[in-house]
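J.: Attaching a predicted model along with its sequence, questions to come.
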Amino acid sequence: MRKIVAIFFLVVGVHSFAQQGIKPTDQFSIQGLVKNQLSISLPALASYRTWSTDSVVITNHLMQKKYTLKNLKGILLKDILEKAEIQASTPKELSKYYFICVASDNYKVVFSWNEIFNSKTGEKVYILTEVDGKPVAATSDRITLISTNDLAAGRRFVKGLEKIIVERVK
């Protein structure tokens, strides 16, 4: 009986700690406290201005190198968010807003309005359109968000971006 119980907990334990596969995404939405809720597909990304960067080392929270992304092209997140228009009564209110970027596996990353629109970080947060010279449509993660200015770039590296929720601090 003890063997059966031990095997049961071993199987359940291994399964519960296994990383869930990331479902590739071909579009993402911007929702929440915005005037224009948007749904942006891979082809729609072509209408935005593209920026290039040579490479980004993806590190974990311990600053251990995992891998390097090379020859990247992407669209600034703030360029996309501007089209959604945040529902703020005054410019001063914008400092109370934040963005929750949600992946298809429910991984979440948060940026404040000030990070995106009022700091150098906002100049380095991209929705990728090309990785290593290949369009993201040919990659396994499809829509990917990355903050290339972060010290541990893996912490705010969202593969399979599904939605961005705009919220306000209460």
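T.: Perfect, thanks for sending it. Residues are numbered from 1 along each chain as shown.

J.: need the contact list for the nearest residue to R156 once chain neighbours are set aside.
T.: Leaving aside its chain neighbours, R156 sits nearest to S147 (4.2 Å; criterion: C-beta to C-beta, 6 or more residues apart in numbering). Glycine gets a C-beta too; all of them are placed from N, C-alpha and C. S147 makes contact with 111, 121, 124-125, 153, 156-157, according to C-beta atoms under 8 Å, 6 or more residues apart in numbering.

J.: do you know how far S147 is from S119?
T.: From S147 over to S119 the distance is 11 Å, taken as C-beta to C-beta, to the nearest Å.

J.: can you check N106 too?
T.: N106 is 27 Å from S119, by C-beta to C-beta.

J.: nearest to I164, of the contacts of S147?
T.: Taking C-beta to C-beta as the measure, F111 is the one of those closest to I164, at 9.2 Å.

J.: contacts for the one helix or strand the closest one maps to?
T.: Assessed by DSSP states H and E, F111 sits inside strand 108-112. With contact meaning C-beta under 8 Å, 6+ apart, strand 108-112 is reached by 77, 95, 97-102, 121, 125, 145, 147, 155-156, 158.

J.: Emit the PyMOL select command for whichever of these are buried.
T.: Filtering the contacts of strand 108-112 down to the buried ones (16 or more other C-beta atoms under 10 Å) takes a single PyMOL command:
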select buried, resi 77+97+98+99+101+102+121+125+145+147+156+158
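
J.: now, which of the contacts of strand 108-112 lie within helices?
T.: Residues of those located in helices (DSSP state H): L77.

J.: Now do the helices in this protein.
T.: 2-17, 77-84, 113-117.

J.: hey, least reliable of these by pLDDT?
T.: When the helices of the chain are ranked by mean pLDDT, helix 2-17 comes last with a mean of 39.

J.: what does the model give Q87 for pLDDT?
T.: For Q87, the model assigns a pLDDT of 95.

J.: hmm, back to that, and the residue nearest to R156, how far from K78?
T.: Noted for S147: a distance of 12 Å to K78, by C-beta to C-beta.

J.: what residue ranges in this structure score low on pLDDT?
T.: The chain contains residues with pLDDT under 70 at 1-20.
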